[in-house]
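Q: Can you look at this prediction? I've put the sequence above it.
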Amino acid sequence: RAVAAARGVYAELLSRLEATPADLLTRRRVRVPGPRKAWAAARGSLSTARGA
């Protein structure tokens, strides 16, 4: 479950990185806010618990 939770958080981060223009990546921190991170982790854990 921990790996699935981490995968969910990193998937969210990747989505945010893909949506950020390249010129901003060197000047701006791209992060996943706490509530969104908790949701992504929970969603990843739940998908594993269900056997998906």
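A: Good, I have the coordinates. Residues are numbered from 1 along each chain as shown.
Q: what's around Gly44, how many residues?
A: Residues lying near Gly44 (other CB atoms under 10 Å) number 22. Placement of C-beta: from N, CA and C, glycine included.
Q: My understanding was that it contacts Gly8; is that so?
A: Yes: using CB atoms under 8 Å, Gly44 is in contact with Gly8, at 2.8 Å.
Q: does Asp23 count as helix, strand or coil?
A: helix (DSSP: H, G, I helix; E, B strand; the rest coil).
Q: Count the neighbours of it for me.
A: For Asp23, the tally of surrounding residues (other CB under 10 Å) stands at 8.
Q: Any figure for the gap between it and Val30?
A: 13 Å (CB to CB, to the nearest Å).
Q: any idea of the mean pLDDT for the strand or helix carrying Trp39?
A: Secondary structure assigned from DSSP states H and E places Trp39 in helix 34-49. For helix 34-49, mean pLDDT rounds to 83.
Q: Quick one: distance of that helix to the chain centre.
A: 9 Å (CA atoms, centre = their mean, to the nearest Å).
Q: next one: stretch 26-35
A: For stretch 26-35, the distance to the chain centre is 11 Å (CA atoms, centre = their mean).
Q: Ends of it, what's the gap?
A: Distance between the two ends of stretch 26-35: 25 Å, counting by CA to CA, to the nearest Å.
Q: tell me which residues in that stretch are buried?
A: If you call a residue buried by 16 or more other CB atoms under 10 Å, then stretch 26-35 has these buried ones: Val32.
Q: and if you look at stretch 9-26?
A: Val9, Glu12, Leu13.
Q: pLDDT averaged over that stretch, what's the number?
A: The average pLDDT for stretch 9-26 rounds to 94.
Q: what sits against Leu24?
A: The contact partners of Leu24, taken as CB atoms under 8 Å, 6 or more residues apart in numbering, number zero.
Q: name the helices or strands packed onto the top helix by length along the chain?
A: Secondary structure assigned by DSSP state H gives helix 2-19 as the longest helix of the chain. With contacts taken as 3 or more CB pairs under 8 Å, 6 or more residues apart in numbering; DSSP states H and E, helix 2-19 sits against helix 34-49.
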